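Enquirer: take a look and give me a structure for this.
(chains A and B)
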Amino acid sequence: MASQGGTQARQMTRDEEKEHIVTFLMNYQDPKSGRNKYIDRLQKIANRESRTLPIELDDLRDFLQHMPGSGGLVGEIKGNTQHYLGVIAEAADAQLASLSVTGAVPADIYDTLLEAREAQIAKNREKNQTGGMVDTSAPIDQQNINKLPPALLRRYDVYIHAEKRIPAPDKDLAAAAAPAAAGGKAGAATQEHLITPLRRVSAQHIGKLVRVRGMVTHVTDVKPLASVLTYLDEDSNTEVYQEVAGRSFMPLQFSRKPDGSKWNKEPLLQTRGSKFIKFQEARIQEMPDEVPPGATPRCISVHLRGDITRSAKAGDTVCIGGIFLPEPFTGWKALRAGLLASTYLEVQEVQQLKETYDEALVSDEDVAAIEELGRQGGLFERLAASIAPEIYGMLEVKKALLLQMVGGVGREFPGSGMKLRGDIHICLMGDPGVAKSQLLKHVAKVAPRAVYTTGKGSSGVGLTAAVVRNQVTKELVLEGGALVLADKGICCIDEFDKMEEADRTNIHEVMEQQTVSIAKAGITTTLNTRTTILAAANPAYGRWNRRRSPGDNINMPPALLSRFDIMWLLLDETDEQNDMRLAAHIINVHQGRVGTAAAAAAAAAGSSSAVPPEGALIPPRLLRAYITLARRQQPAIPQELTDYVAAHYVEARGQEASELGERGAYITPRTLMSILRLSQAVAKLRFDDNVVRSDIDAAIALMRASQASIEPELAKRTREDPVSRLYMAIKDWAVKMRTPLVPWETIESCATNAVITGDTRRDIISATLEEYAAISVWIIKRDRQGRTVGVEFAEEDIAMA
Amino acid sequence: MNMQPSITDDLARPLHAIPGLLASYDGRNHNQLFNSVAAHFGKLGAPDHLQQVPILTHENAESIPANTLVRFRGMVADMFNPEFFVGAYRAPGGPWKPAALYTDAVPEDIDAAAESAIMERRPLLLTPVPHEQAWATAAWAGHPVEPPTPSASDRSKRAREPGSNDLLEPALLRSSNAAAVDKADAAASSKAPRIAGSSDTDKPFIEPDAHPTSVAHDRDQDQQRRQQQQQGTAAAAAVDEHAQQQPDFQPGDCIVQVYSDFDGFRLHDVVEVLGVMSVVPVYSDFDGFRLHDVVEVLGVMSVVPGLAALQQQQQQQQQQGGDVAGAAAAAAGVVAAGGDGMDVDDGGFWEQDVAALPPTSQVMRLHALAIRKLPPLTTTGSSSSTAAADLQQQQQPAALPRSLPGHLAAHLPLLRQRALALLAAPLAGDVLAAEYLLLAALGSVMNRGEAGEAMGLLPLNLTHVPSSGAGSKAPGLVPGLAAALRSLLPHVTLMPLDVPALNNKRWYPQQHAASGRLFRGCLQLTAGTLLLLDETALGPGQLGDAGVKNLQALRQVLTQQQLPCGCQVYTHNLSVNQPAVVLSSTRSVLRDSLALSLPLQPQRPVLVKPGQTGQTGQTGSFDQAGAPAAVVDWAAADVAGPEAVAAAAAAMPELAAVREYLAAARGLECRMDQAAAEGCVTRFRAMQQANPGIGMEDLNLIITVSKLLSVSLGHEQFSIDSWERAMQLEQLRKQRLAAAAAQQQAR
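Expert: The predicted structure is shown next:
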């Protein structure tokens, strides 16, 4: 079946290569499933269930590692991909013939046609007449005459998928020295293969396999493209076939017969007997983050053939693997363009990036760097301080923002379809000029998926979805607004209070139900908006009025307010030290000393926050990678901690009722959910599968801090309570020394530091010890005489902080 | 001495050096080849060689033969996709020979090539630096700087009057003459009237026809066509840009093929090119070209590539798609899928490829042998420095000067005084306004904060500018002010900010969906261009969708110094550096975006006498003028018109030095040491205690003002004195504001 063209020397290598590929197809076992991946694929093709044969170069490389004499084949394939598509197809053809069809496959018209043709060819052969394939682009191959061209018979297309991973250079030898089981051990000794930036695709890539990322800007309809043309040769009454490689061909009547003579009668093109494949053109544009500042984005044309068509729509973000090929201008175009060639990507695979964008962001080096960060400790503070480093202080707010970016764990109950969101919504309120917008913008920059918008600048439609007319196709399409675009990400809405009332109501649905329902211009649909919202709002009267109740100050309905897990009030208070620092900071920014100065300022300002950030700030890229990794965790809350949370909740609710009376409207059942979500986010930051008590403590502390920003009395109360004060002092010491064991002497000195003196001193200390031991924060250590010698925290609580 | 003959040879026949340079080419390392070419021609950057190279302009483009070495300077207005071309080829066993390397011509024996190397180059679209003053251009070219004559400023004044088309007349005449001489240019010249004459560097950057105007000339056909186009653009810009045709070229535009390191260039960079002129023959009388001639022409065209007349061909092909396909099939092949549908649709994709290949009748083409970025703002008196610079270092513009040149520093107070006096003349002697104007003009983005906010600029709003509209008895001071700024600064643009301008013009660049080319926006300016926005004619009206977007883009430029660029599926922000001054009769509509506003106050006549030596000492005259003088009616005020300003500037003996001073001061980076910073903080703290209402924005403003003050005095080190001076200025400004507010209330 397989053709045997070419010269002797060529034949040898080509056959050898084919031999290798055949071995690969027959023997490769998927390391995960242990099945013969490619035999399965071929079987599907034989059963006519599939029309594609993707060959993954990763598999081929792993397989060939253990085959002697096959070195360089993968390299060859990468460098001259178009050629090897044919080689692989031939190899696959040979294997397909040996596979028996499982299950009944009804013969279609195509089969009937083929049968008739084969009979005809056999007859011709008897009569010793010519007929069969004519390829005008290549020298006539005498051996192929009287045969149907294999391309006409193929019911599948071969696609070569570029390598996703490449062998790590230093581990190459080790992998070769210790031969693993057939199929290789992909993943261990490999590193991620970088995607070529669209801008870097250059002349040296011509003919090679490249992977690029981009946005699809323009797609044509799928059109039939001739692949094998069948002519009726009336001279000899036979069929003549012509394979078409490119986009254009020379009709047979304009060239000579295979034997060099002229046609007596022009051969007739038979469209019915010809083979057409699906063909689509598209254009992709460079991703916004790859465009160098100040340059225009670059575009590249891509061609899609066969079943891979329709795998990308205009507006999609895709990663495309393909062969970069020149298309010499023919006919008119050639005359116009001189020696220029247009280039395109012959697409081999299309990967939609919406889902996998996260993965693409984290490289192995990032993982290593993150592990290194973990060893350095003090990570929570450090990560938080790295958010918007040019904004001084606000460590607690930044912590909240960090947790927001990481998010809690969403849950869906299969039966009822009810959903519990994992998103942590935050609202920052405060006086103008306290850098709310800057925080928002920075979050939008760092978060893996984020959209920044202002309430003033966007109507409800702009936030949810709109029906717009596509400029190219003139069709009405549904276009997602900011909230829809930020699905599974963060939507930062500035000037939240300036939004129209009606538009804000739309957001209610988004925040709790996480969908947007649309019914306009004949389109009724529900879109997913699993979006975390970070809102910034100014107080109702421009400035926060201490004399009015928070409800009056915040010009938003309670229904909306309660949907925010954390509300934070940022006041522009005249604090001399703070002002001095701000002023110094502004001057620094003027001098262009942003990062270091902010770090220095933050380090100097350690007095106000619990722990000064250790070491340098984490660069935004790494921060983003960290968050991306952390987001993948799905920590659960163990049963034994639920009581702890519940006790806290009940206590807090009672306290609020007694202290604030009617004004208290912050602690609702939603608060409980918020605490759980926040603690899950803290656990995620630790890459833990379980929430531990310290996570909940951190979450509660954050909630407290946010409430204290709104109700200063709350903050005062916590500070006045000596038991809490002592506990905080002890915890701080333990965290600082990084030891879970706190000896008695230290507890005493902590008490002194916390200004606990007088007669009740001993009582307070023992009360503190007992109270926190009762809720299992620590264990009281006693000596043989029963005297208290210290307390011991749970190991992981300290390690985390 | 050995080099000498080779250099003269290079100057005369630049392409002759290429085959020699190809000797070391191995068929793969293109970059090495391009670098050796750049190195070879970089040595032509020496001043005496450079002076021998003709400067390519729109006027002389037709008289320069192909493959001549020319130089060209322009702003990058667009960047096309890289072009892949057959760069070199060789016959079996033969040496590598250049194919389409630095040329558009095809070698005759290319068909015999056994092996060819595909290389890439990137076409950049350069446009003459927008709003460049004639004196600045002349300074670059090395011509003697002509003093601006009253007639020149007269012309520019008329150009600014909305509705005036006098300016267009020379271009129209010229192009119709050309059309009479050479029918080949007929197609191009019919477009020419849309565009202002390029000889006048004062021309508006965008097509003037964005303002619907009536033409009082009897060129019937032209006029009709023109009006159609006017209506077309006005409607199309607002509604559906897709329906619009491709962005067109303007005279003086030049496509430069850059062969190496082309990713280093940015939009709005000013670059200087030493390159080979490429002229591709234009088929004479293309309109008479008919389908049946196709096959015959092929022979001719295969010898000489037909880059020309692409668009005409394309139109033809679309009209007669099927036939052309048939004819083309006879010659070469047919599109595989057959049928017209494919071919026409294919045209859409093909459009992007041809976008970079417009005929030379529309736009000049150059192949860059050496190219480099010019540092911004060095057009003044820089002919010597330009020439001396090494053309090999393409990417790095020369570093900004750290301090003022000695000869300027010596006369600094006088030079500053001169500049202030010239600026104050059209403002009826308002020295305070002149002072602020000077600071605003010296502003430049020194650094950007983390959130992208630009530091170092002072967008200024001059309010209470008498409206120049009809019915006002006072003469408008805008033309005079523009003339004053133009005589001092190399790049100044005066743009009307009114409803029609916002609705009908394109202010920010946008990509054309099919071709990928940019529609130009009038805010596409080179770094340092002073944006003078005239809001005095603003009246009530309805802003359309386009108008709102334009206004948003303008705001973004003013507040963040970022120009949005619409790129089909997303918006890409370009960093710009545009000091801005808004002139308005009341508070500006852009007030949120402007750092400070200052009501103008005409003073008692302060005559600018050419011979008069200005007051010495750094303290300008604003101290005396700052006292709340009796408000002078604008009608009585002595507002120097553009003619008077130009005359005063021309008569000023130190004009060149003043220009040099301004250019040098603008590049100064005023550094602040720790002591000064602490001084500022303490002073600010004291201020804040006195007045708790003062916030961080005020501090930001004061620091910017005092830094600019330092810079205007030629200080490269921030001194606390300038803080004090800035406070004085600010106090005077606040008095003015209060007085204006009181006046408002009294009415």
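
Enquirer: wasn't A:Thr271 part of a strand?
Expert: Yes. Following the definition DSSP: H, G, I helix; E, B strand; the rest coil, A:Thr271 is counted among the residues of a strand.

Enquirer: what number of residues lie near it?
Expert: Using other Cβ atoms under 10 Å in any protein chain shown as the criterion, A:Thr271 is surrounded by 11 other residues. The C-beta positions use only the backbone N, C-alpha and C, and glycine is treated the same way.

Enquirer: burial of A:Gln376, as a residue count?
Expert: By other Cβ under 10 Å, neighbour count at A:Gln376 equals 10.

Enquirer: torsion angles phi and psi at it?
Expert: Reported as degrees, to the nearest 10, the phi and psi values for A:Gln376 are phi -70, psi -20.

Enquirer: what's the answer for A:Pro557, then?
Expert: With angles defined as degrees, to the nearest 10, A:Pro557 shows backbone torsions of phi -70, psi 150.

Enquirer: what's around it, how many residues?
Expert: Applying other Cβ under 10 Å, we find 13 residues neighbouring A:Pro557.

Enquirer: what's the answer for A:Glu19, then?
Expert: Residues near A:Glu19, counting by other Cβ under 10 Å, number 12.

Enquirer: which ones are touching B:Ser593?
Expert: Listed by Cβ atoms under 8 Å, 6 or more residues apart in numbering or on different chains, the contact partners of B:Ser593 are B:459, B:554-555, B:558-559.

Enquirer: spatially nearest residue to it, not counting backbone neighbours?
Expert: Excluding the flanking residues, the one nearest B:Ser593 by Cβ to Cβ, 6 or more residues apart in numbering or on different chains is B:Leu558, at 4.0 Å.

Enquirer: quick one: the strands in the stretch 501-650 of chain B, in order.
Expert: Assigned strands in the stretch 501-650 of chain B, in chain order: B:510-511, B:518-519, B:530-534, B:562-567, B:570-575, B:580-583, B:596-599 (criterion: DSSP state E, counting those that start in this stretch).

Enquirer: strands paired with the last one, and their directions?
Expert: Applying DSSP bridges to the sheet, strand B:596-599 is found paired with strand B:460-463 (parallel).

Enquirer: need the next SSE after the partner strand, C-terminal direction.
Expert: Downstream of strand B:460-463, the first helix or strand assigned by DSSP states H and E is helix B:478-488.

Enquirer: pLDDT on that next one, on average?
Expert: Averaged across helix B:478-488, pLDDT comes to 89.

Enquirer: tell me which stretches of the stretch 1-150 of chain A form strands.
Expert: With DSSP E, counting those that start in this stretch as the criterion, the stretch 1-150 of chain A has strands spanning A:52-56, A:132-134.

Enquirer: comparing these, which yields the minimum mean pLDDT?
Expert: Ranked by mean pLDDT, those bottom out at strand A:132-134, which scores a mean of 48.

Enquirer: next one: stretch A:221-241 to chain centre, how far?
Expert: Distance, stretch centre to chain centre, for stretch A:221-241: 46 Å (Cα atoms, centre = their mean, to the nearest Å).

Enquirer: ends of it, how far apart?
Expert: Distance between the two ends of stretch A:221-241: 27 Å, counting by Cα to Cα, to the nearest Å.

Enquirer: stretch A:654-668 too?
Expert: Criterion Cα to Cα; first-to-last residue distance in stretch A:654-668 is 11 Å.

Enquirer: can you name the next helix or strand after the helix or strand hosting B:Leu408?
Expert: B:Leu408 is part of helix B:406-410 when elements are defined by DSSP H and E. Using DSSP H and E, the helix or strand that follows helix B:406-410 towards the C-terminus is helix B:412-424.

Enquirer: which other helices and strands contact that next one?
Expert: helix B:431-442, helix B:478-488, helix B:642-651, helix B:655-667 (3 or more Cβ pairs under 8 Å, 6 or more residues apart in numbering or on different chains; DSSP states H and E).

Enquirer: make a markdown table out of these and add distance to chain A.
Expert: Listed next are the helices and strands packed on helix B:412-424 as a markdown table, based on distance: least, Cβ to the nearest Cβ, whole Å:
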| stretch | distance to chain A |
| --- | --- |
| helix B:431-442 | 15 |
| helix B:478-488 | 26 |
| helix B:642-651 | 34 |
| helix B:655-667 | 16 |
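
Enquirer: CSV for those, including mean neighbour count and distance to A:Pro292?
Expert: Formatted as CSV, the entries for the helices and strands packed on helix B:412-424 read as follows, by neighbours: other Cβ atoms under 10 Å in any protein chain shown; distance: least, Cβ to Cβ, whole Å:
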stretch, mean neighbour count, distance to A:Pro292
helix B:431-442, 25, 29
helix B:478-488, 26, 33
helix B:642-651, 21, 40
helix B:655-667, 23, 24
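
Enquirer: so which of these gets nearest B:Ala740?
Expert: Relative to B:Ala740, the nearest member of those by Cβ to Cβ is helix B:431-442, separated by 12.6 Å.

Enquirer: what pairs with the strand or helix carrying A:Leu225, parallel or antiparallel?
Expert: Element membership for A:Leu225, per DSSP H and E: strand A:223-233. On the basis of DSSP bridges, the sheet neighbours of strand A:223-233 come out as strand A:238-243 (antiparallel), strand A:268-285 (antiparallel).

Enquirer: among these, which is the most enclosed?
Expert: Mean neighbour counts were compared across those using mean count of other Cβ atoms under 10 Å in any protein chain shown; the top stretch is strand A:238-243, at a mean of 22.

Enquirer: so after it, what's the next helix or strand?
Expert: Proceeding C-terminally, strand A:238-243 gives way to strand A:248-249 as the next helix or strand, assigned by DSSP H and E.

Enquirer: give the other helices and strands that that next one contacts.
Expert: strand B:334-335.

Enquirer: need the longest helix for chain A.
Expert: The helix of greatest length in chain A, counted in residues with DSSP state H as the criterion, is given as helix A:639-660.

Enquirer: that helix packs against which elements?
Expert: Using 3+ Cβ pairs under 8 Å, 6+ apart as the contact test, the elements touching helix A:639-660 are helix A:669-685, helix A:693-710, helix A:712-720.

Enquirer: burial check on the closest residue to A:Gln242 other than its chain neighbours, number of neighbours?
Expert: The shortest distance from A:Gln242 to any residue other than its chain neighbours is 4.5 Å, reached at A:Leu229 (Cβ to Cβ, 6+ apart). By the measure other Cβ under 10 Å, the count of residues near A:Leu229 is 24.

Enquirer: try the one 4 residues further on
Expert: If you count neighbours by other Cβ under 10 Å, A:Asp233 ends up with 22.

Enquirer: who's it bridged to?
Expert: The residues paired with A:Asp233 through beta bridges, assigned by DSSP bridges, are A:Thr238.

Enquirer: let me know the pLDDT of it.
Expert: Residue-level pLDDT assigned to A:Asp233 equals 77.

Enquirer: how about B:Met1?
Expert: Model confidence at B:Met1 (pLDDT) stands at 39.

Enquirer: same deal with B:Pro147?
Expert: So, for B:Pro147, pLDDT stands at 44.

Enquirer: what's near enough to touch A:Arg48?
Expert: Applying Cβ under 8 Å, 6+ apart to A:Arg48 gives the contacts A:105, A:155.

Enquirer: need the nearest residue in space to B:His715, chain neighbours excluded.
Expert: Looking at B:His715 with Cβ to Cβ, 6+ apart, the closest residue is B:Cys670, at 6.4 Å.
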